[in-house]
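Q: sequence unavailable; structure follows:
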Ligand SMILES: CSC[C@H]1O[C@H](OP(=O)(O)O)[C@H](O)[C@@H]1O
């Protein structure tokens, strides 16, 4: 794990974020002290990745209410809910954003008998807990994924479900770091992942920095590397898993899943349980973010399509559960029938 590529740092009442829009060419950390600036960092993807978005939003909510004046409990709770609702508008697909905000709101609601000062402290501790738990969740996902992998494998991943998308380890990359620690010999093929190129700018950066054998491929090369027998398993992250196992992830994941199915290659989704949305029955209910068309028609400010031409830019797509071999969580490995087995896995879990 590369110590200098930590995505999120909480220090001296400041949220310090690694600006992921300038990687791999620049390592720049920025300090955030307001909900508005955290909202913007999420929106423009300075911080991105479902778990990292959730952790950042939790701190953003605390930062947004820590200076709330007065001792009126009802007024403070109103401010918490208002700030939460505001941060919830930053991006629509990653359910971790809403999960983290709801968890923070519950702390304020369930402790409304305490003083405003005491609830503010509880909110800070809850954000810190969400942050710390994410690390543990990811390591457990890595251990569970390792039981499905073998030394000497070729792995393909899409986008960045790495340490940079989380507090540490990543989800899809967690087994890669653990395998490296245990001396396994394996290769990773990282789809560059148009249009924002997270697979080359982020995944390749963090894996290469960790001494892992990673090869960047363009998205349209996934088929040929599979046809050449280079890939023994596909591991991707997720932004929202519906109750039936349909999974939203970075645009292009659906295509990779279809290719994997065609070539008989196992397709694993690394899924922290906070990314499983029991309130959404299937993939049709997952809101898919559409981003500005300029992300498709230009690259780093260079126009790559004729000016004025239209471009379609959904940031995610939905992989049907039929294309998924297993959904690997920190609580265990879930196989089909996903609806029944996910419900069993999460039985008794309140949030
Ligand atoms: C650990 S899951 C990260 C997940 O989020 C990414 O999307 P974005 O970079 O737009 O936040 C991608 O879908 C990853 O799989």
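A: Sure thing, it's come through. Predicted model only: the values in this text are computed from it and were never measured.
Q: residue 212: neighbour count?
A: By the measure other CB atoms under 10 Å, the count of residues near residue 212 is 20. Quick note: C-beta positions are derived from backbone N, CA and C, even for glycine.
Q: what distance do you get for it to the ligand?
A: 17 Å (CB to the nearest ligand atom, to the nearest Å).
Q: separation between that residue and residue 225?
A: In this view, residue 212 and residue 225 are 17 Å apart by CB to CB, to the nearest Å.
Q: repeat that for residue 130.
A: 37 Å.
Q: please identify the buried residues of the helix or strand hosting residue 345?
A: Per DSSP states H and E: residue 345 is located in helix 338-346. Residues 338-339, 341-342, 345-346 are the ones in helix 338-346 that count as buried (16 or more other CB atoms under 10 Å).
Q: nearest to the ligand among the residues you listed?
A: residue 342 (17.3 Å; CB to the nearest ligand atom).
Q: isn't residue 190 up against residue 204?
A: Yes - in this structure residue 190 lies within contact range of residue 204 using CB atoms under 8 Å: 5.0 Å.
Q: now for these two: what residues contact both?
A: Counting by CB atoms under 8 Å, 6 or more residues apart in numbering, the shared contacts of residue 190 and residue 204 are 214, 216.
Q: which of the two has more residues huddled nearby?
A: Taking neighbours as other CB under 10 Å, residue 190 and residue 204 compare with residue 190 leading, 27 against 24.
Q: and that one, which of the three is it?
A: Under DSSP: H, G, I helix; E, B strand; the rest coil, the three-state class of residue 190 is strand.
Q: over to residue 113?
A: Once three-state DSSP is applied, residue 113 turns out coil.
Q: next one: residue 200
A: Put simply, residue 200 is helix when judged by three-state DSSP.
Q: these two touch, right, it and residue 206?
A: No - applying CB under 8 Å as the test, residue 200 and residue 206 come out as separate, 11.4 Å apart.
Q: who has more neighbours out of those two?
A: residue 206 (26 against 19).
Q: quick check, pLDDT for the more buried one.
A: On the pLDDT scale, residue 206 is placed at 97.
Q: quick one, what contacts it?
A: Contacts of residue 206 (CB under 8 Å, 6+ apart): 2, 5, 160, 162-164, 170, 173.
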